[in-house]
Each structure stands twice: as structure tokens, then as C-alpha cells.
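*Asks:* Predicted model follows, preceded by the sequence.
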Amino acid sequence: MIPVQHFLLLGALLFSLGVYGVLSRRNAVLIILSVELMLQAVNINLVAFAVYLAPDEFVGLIFALFVIAVAAAEVGLALAIALRLFRNRTTANVDEVDSLRW
């Protein structure tokens, strides 16, 4: 069995890459992808702790499913906002957008 530290290290690396992507990117779609990467790192940690602490129960796995459902809803809403932004301003660069009002 693989030690839980390897999964936690993988989750920390993915989360760090996601934070770097959110802070350094200017394109709205790439920022959304970075947020999704951070959420998947959280899922890895939830499943790793669930298997390590209570292998008979599915508590961590159920939380991971809820995170996946929230992430899917978040992507749908964020992509709708990004598409509306692109139609109105003809750019997906978040630095060039000062407000979303008409």
C-alpha cells in the first residue's frame, strides 16, 4: 500500500500549481481551470484521508462527490460569465475588464 504522505504531497503540489495559475494568469478561462485544479487537489486529500483513517466508511468519498458537483456548477456559471464578458468586451483578459455592468 502506498503511504498517505505521497497522496498528500501530490495534493499539495496540485494545489500550489492551482494557486500559481490563479495569481499569474490573466485569461478568465485559465483562471477557471486553475480553480478546478485546486478543487481536484482537495478531492485527492479527502479521498486519501478517507482511505487512511476509515477504510470501511465512505465519508471522505461522499465529500469528494459533493466537491465534484459544486465544481461542475461553478464551471458552468463561470464559463457563462466568461462568454458574456467576451461577447461584450471582445476579450477574456481579466485585467482589461473593470466592471460587468452595462
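*Replies:* The structure has been received and is ready for your questions.

*Asks:* Packing partners of the lowest-mean-pLDDT helix or strand in the chain?
*Replies:* Least confident helix or strand of the chain, by mean pLDDT, DSSP states H and E, is helix 59-89 with a mean of 88. Judged by 3 or more CB pairs under 8 Å, 6 or more residues apart in numbering; DSSP states H and E, helix 59-89 is in contact with helix 28-53. Just so you know, the C-beta spots here come from the backbone N, C-alpha and C atoms, and that holds for glycine as well.

*Asks:* Buried by neighbour count: which residues of the helix it packs on qualify?
*Replies:* By neighbour count, with 16 or more other CB atoms under 10 Å as the criterion, the buried positions of helix 28-53 are 28, 31-51.

*Asks:* Please apply the same query to stretch 80-89.
*Replies:* So stretch 80-89, judged by 16+ other CB under 10 Å, has buried residues 82, 85.

*Asks:* distance between that stretch and the chain's centre?
*Replies:* Relative to its parent chain, stretch 80-89 has a centroid offset of 21 Å by CA atoms, centre = their mean, to the nearest Å.

*Asks:* For that stretch, give me every contacting residue.
*Replies:* If you take CB atoms under 8 Å, 6 or more residues apart in numbering as the criterion, stretch 80-89 is touched by 28, 29, 32, 91, 92, 96, 97, 100.

*Asks:* Quick one: neighbours of residue 2, just the number.
*Replies:* 8 (other CB atoms under 10 Å).

*Asks:* Over to it. Which of the three states is it?
*Replies:* coil (DSSP: H, G, I helix; E, B strand; the rest coil).

*Asks:* Point to the residue nearest the middle of this protein.
*Replies:* Geometric centre of the chain, nearest residue: residue 36, 2.1 Å, by CA atoms, centre = their mean.

*Asks:* right, and that residue touches residue 73 too?
*Replies:* No. Checked against CB atoms under 8 Å, the pair residue 36 and residue 73 is beyond contact range at 12.0 Å.
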